[in-house]
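sharing a sequence plus its predicted fold:
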Amino acid sequence: MKNRVEQLDGLRGIFAVMVIAHHHNAFKESIFYDNFFVINSSLFVDFFFVLSGFVIAINYLDRIKTVGDFGQFLKKRFIRLYPLLFYTEIVFIIAAFLGDFSPMKNMTDLPFEFYLVTARDTLTFMGSTPVFGTWISNNYPAWSISAEMIAYFGFGLIVLLFRGLKYYVFAAVIGFSAWFIIVNGEYLLAYDYGFVRGGLCFSVGVFTCLVLRRFTFNLTALEIPFLALLLASMYVAHHAAFNLLKLIFPLIFSVGIIIFASSTGIVSSLLSGKVFQYLGKISYSIYLNHAIVLIMVNVILFRLFKLAATEAHIGFSLFISIVLTICYSHFTYEFVEKRVGEFLTTKWK
């Protein structure tokens, strides 16, 4: 099995753009938001978790054998996540603080302490836990980066301490996480116990890797049926009164990874194209940049220029937000993710 599956990178890029559409929710009655697909596109964060567990398992299941290996693994994960996390948090704080002293000031008054407290949560990777309180992050999508780092830590520890029993421990993580979610009656945990949701999905990704290690498939014929299944599942989840039905999505995403990692069909070919591959490459930047772009675009269009909230203007706002996020993310990928990451890798040996 290859360490990198191009079509999955393409899916990650598309889903990152769909998260932008989901968070473009200032006008909830708009046709651009009020539909089952966009409303439930927050579930694509779970795809990121499952895919992350899958990719990390491919690369590290057999490589963490000593405490030194564990430390190196965490160092690499920290360098991968932290430069952009730090940069976007600082940008968000500066923008929000300056906004409080401008004519575009928010209607609610937020003390400077709020910005510092929420930054503390984010920059200590505690934004998906109640350790410091359940604050919503300044850069609100950043809670999932906390859950991601906690999942990395748990993965490394399990592989290090429970070599022969690791799959039983990952199964226990899935079982405990599912139990916790069911008891709380809410699947879409984020700022409070989002690390539980992240740990469940990440562990499902580990088992996805196990399946593809042990079996070889040719599932090209299932590409389009899977996409139809995904859409149908999102439709049912949207209209069902049972919130916990969304627990099925980590498994659905796992099946999707298995299918696209084992297919060479037309959808895989499209996903392996340059455009989708580039979106996948900069998807981390897209994810952490999109909130500030959405806010700025909507403030400028609807508060500064006082555009009427027509469907045409809302659609234009979404389109411009996506384009600007992608352009901005090209910059942050090149100069923050890559260059700062390379600098830290060189200096932190």
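Structure received. Numbers count the residues shown, from 1 in each chain.

the closest residue to Gly53 other than its chain neighbours sits in which helix or strand?
Spatial nearest neighbour of Gly53, excluding adjacent residues (C-beta to C-beta, 6 or more residues apart in numbering): Gly205 at 2.3 Å. No exception for glycine: its C-beta is placed from N, CA and C like everyone else's. Using DSSP states H and E, Gly205 maps to helix 194-214.

cool, Tyr33 as well?
Using DSSP H and E, no helix or strand contains Tyr33.

Val206 is in contact with Ala57, correct?
Yes - contact criterion C-beta atoms under 8 Å: Ala57 and Val206 qualify, at 4.5 Å.

overlap of the contact sets of the two?
Phe155 (C-beta atoms under 8 Å, 6 or more residues apart in numbering).

tell me which of the two has more neighbours.
Higher neighbour count among Ala57 and Val206: Val206, with 28 against 24, using other C-beta atoms under 10 Å.

quick check: that one vs Tyr191, distance?
Applying C-beta to C-beta, to the nearest Å, the value for Val206 to Tyr191 is 25 Å.

next: Gly10.
From Gly10 over to Tyr191 (counting by C-beta to C-beta), the distance is 30 Å.

the more surrounded of the two?
Set Gly10 next to Tyr191 and count neighbours by other C-beta under 10 Å: Gly10 wins out with 26 against 20.

wait, Thr88 touches Asn289, no?
Yes - with contact defined as C-beta under 8 Å, Thr88 counts as touching Asn289 (6.4 Å).

identify the contacts common to these two.
Thr332.

okay, these two: which has more neighbours?
Each of Thr88 and Asn289 has its neighbours counted (other C-beta under 10 Å); Asn289 has more, 29 against 26.

do I have it right that the more buried one meets Tyr333?
No - Asn289 lies out of contact with Tyr333 (C-beta under 8 Å); the separation is 9.6 Å.

just to revisit the earlier point, show me what contacts the residue nearest to Gly53?
Gly205 touches Phe49, Val50, Leu51, Ser52, Gly53, Phe54, Val55, Ile56, Ala57, Ser254, Ile257, counting by C-beta under 8 Å, 6+ apart.

distance from the chain centre to the helix-or-strand element of the chain with minimal mean pLDDT, please.
Ranked by mean pLDDT, DSSP states H and E, the weakest helix or strand in the chain is helix 112-123, scoring a mean of 84. Distance, stretch centre to chain centre, for helix 112-123: 21 Å (C-alpha atoms, centre = their mean, to the nearest Å).
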